[in-house]
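[1] Here you go, sequence then predicted model.
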Amino acid sequence: MGKVRVSDVIGTGGTGGTGGTTGTGKPRSSWPVLLVVVCAQMLIWLDTSVLNVAVTTLADPADGLGASQAELEWVASAYTLVFAGALFAGGALADRFGPRTTLLAGLALFGAASGAGAFVSSPGWLIVARAVMGAGSALLMPATLSVIVQSTPEEKRTRAIAIWSSSSGLGVAVGPVVGGALLSNFWWGSVFLVNVPIVALCMAGVAAVVPELKSPRRRQLDLPGLTLSVVGLGGVVYGIIELGNGRTWYGPHVLLPLLLGGALLTAFVAGQRKSPAPSLDVRLFRQPGFAAGSVVLLIAFMALAGHLFYAAFYLQGPRGLSPADAGTVMIAAAIGIVLGSQASPAMSRRLTARWTVAAGVLATAVTYIAYAWLDGGTPIWFIATLLWVQGFGMGLVGTPVTAVMMSGVPPQLAGAGSAVNSVTRQVGGTLGVAMAGSILSGVYRSRMSDASELPQAVRELPAPVTEQARESAEAARSLADSLHLPELATTADRAFLDAMYAATLSIAALALIGFAVSVVGLRTRATEPRAAVPSKVDSA
């Protein structure tokens, strides 16, 4: 059996678009539409990467909100949690009302929450604002891919998906630079307020050039399924975060949320099999390429998000960079993502999707392992090189996996397929931050609680002070400055590095599992186009 290439898959897949026409059949160029939806998609990744450089400022009691490690994890996780849970609803809404309408609604909600989040006065309210921003993004992301799949001619779709995938790299590139510049000149809220004018430009572009694309059948919204998915995932994430806060795994604060969350997610999947209007059409997973691609995306983004969470603390902590300088260094990863995304179609034509994805995941695993040898004096050029290789590897993953997953999805389920593609990324991001943050927090607290590892001056500090220093390395450095106690900062940096080593080796092991899944699950036979998934929509 001959090799199946990404360009072949996406060119002959069952997603058959409208060939660049509007709902009334009027021809329209696909490239202005692509530009607008890619800009809207990029906004999501820009906001995520802005937060990466803002975490240390938010943890600062004087210049930020004095957020604890757990609160910082929830600032990141609340966004991705709601994002992931509501993506199924976003896909259903895109199929029911059309992706253009859903895209405009998502942008409006995202912009409003960003403006409100810029002026909150506590970590709790920021978490709420981030959750609402996640709901807006859940409407936005599936609609962008649905527009591309339905409105781009088949001969241009491979390149369009590659550009769509690389927009994440552009967002990651712009975010740290913009965030660093804003934090150097304005208050922390400016990193959220900057989203508002960008949202306004995107909405104007969508209104001007994105066509109305109606599905053959308007899908219903599965509210019970949506509730189960959000609450279930929330329980799992809450349990993981509590584990990192020093709780024992068998304690009620950890075990009960994990068990309840797992049970609700199981009930969600079981209910979707019987639902006449499922949020997650489980029949899509009958295609081996769709199922394996979903697992690979989940693992790859879980590893990436977890890594970026502790990398931001490392660059601005032990490495001593300012937010602006840290953002500049992280551009290397963004450039790698863009270049990898653009190179992936050509590599897939030569190597097939299976080996292109496998090579990308393996490259990221190597960079994660390398972080176990970094310290406070590691040269910046070496860190930038690791970030570039990591980004290039991730760029090789996104486009081929998306192409394989969407190749057998029928047009009336384009929104649902897009939602699954998106939700695996966001669920992975949520779990990755929770996992890395828990390891980071748990190991750090353990090191800072070991009296034999602490200098005499630190052991003699009052109990409330030492407890505050155990909360996070950022809190310890702030105390060291106010108490003129450099030994405390040095101890905190050493404890943080030990914690980062544990986290990065765990992330590397996860990436190696993703490598194995890509080799076994994305075999040639699994990536061949298959008949459209049977659907209740078809039989209606």
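    Thanks, I have the structure now.
[2] When you work out contacts or count neighbours from here on, use the C-alpha atoms and nothing else.
    Will do.
[3] Show me the helices in the stretch 301-450 of the chain, by range?
    Along the stretch 301-450 of the chain, counting by DSSP state H, counting those that start in this stretch, helices occupy 323-370, 380-406, 414-449.
[4] among those helices, which is nearest residue 136?
    For residue 136, the closest of those is helix 414-449, at 13.4 Å, according to C-alpha to C-alpha.
[5] And the one helix or strand residue 263 maps to, what does it pack against?
    In the assignment (DSSP states H and E), residue 263 maps to helix 252-274. If you count contacts as 3 or more C-alpha pairs under 8 Å, 6 or more residues apart in numbering; DSSP states H and E, helix 252-274 packs onto helix 223-244.
[6] Can you spell out which helices and strands pack onto the helix it packs on?
    Secondary elements touching helix 223-244 (3+ C-alpha pairs under 8 Å, 6+ apart): helix 69-97, helix 252-274, helix 414-449.
[7] For those helices, give me JSON lines that also has distance to residue 130.
    Putting the helices and strands packed on helix 223-244 into JSON lines (distance: least, C-alpha to C-alpha, whole Å) gives the following:
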{"stretch": "helix 69-97", "distance to residue 130": "5"}
{"stretch": "helix 252-274", "distance to residue 130": "21"}
{"stretch": "helix 414-449", "distance to residue 130": "13"}
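[8] for those, which one sits closest to residue 290?
    Nearest to residue 290, of the helices and strands packed on helix 223-244 and by C-alpha to C-alpha, is helix 414-449 at 9.0 Å.
[9] after the closest one comes which helix or strand?
    Once the chain leaves helix 414-449, the next helix or strand it forms, by DSSP H and E, is helix 456-459.
[10] What is the burial count for residue 381?
    Residues lying near residue 381 (other C-alpha atoms under 10 Å) number 11.
[11] Just give the number of residues close to the residue nearest to residue 67 when sequence neighbours are not counted.
    In space, and not counting its chain neighbours, residue 67 is closest to residue 59: 4.4 Å by C-alpha to C-alpha, 6 or more residues apart in numbering. For residue 59, the neighbour count with other C-alpha under 10 Å is 23.
[12] doesn't residue 477 make contact with residue 59?
    No. In this structure, residue 59 is not within contact of residue 477 by C-alpha atoms under 8 Å, at 11.0 Å.
[13] coming back round to it: just put the helices and strands packed on helix 223-244 in CSV and tack on mean pLDDT, distance to residue 190 and mean neighbour count.
    Formatted as CSV, the helices and strands packed on helix 223-244 follow (pLDDT from 0 to 100; distance: least, C-alpha to C-alpha, whole Å; neighbours: other C-alpha atoms under 10 Å):
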stretch, mean pLDDT, distance to residue 190, mean neighbour count
helix 69-97, 72, 16, 27
helix 252-274, 84, 35, 18
helix 414-449, 74, 23, 26
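[14] For residue 402, find the nearest of those.
    Closest to residue 402 of the helices and strands packed on helix 223-244 is helix 414-449 (C-alpha to C-alpha; 6.9 Å).
[15] what residue ranges in the stretch 51-200 of the chain score low on pLDDT?
    Along the stretch 51-200 of the chain, segments meeting pLDDT under 70 span 52, 62, 69-70, 80-81, 84-85, 88, 149-159, 161-162, 165-174, 176.
[16] ok, 80 please
    The model of the stretch 51-200 of the chain has pLDDT under 80 over residues 51-74, 76-99, 121, 141-185.
[17] Would you map the helices across it?
    Assigned by DSSP H, counting those that start in this stretch, the helices in the stretch 51-200 of the chain fall at 69-97, 99-117, 123-151, 154-185, 190-193, 195-209.
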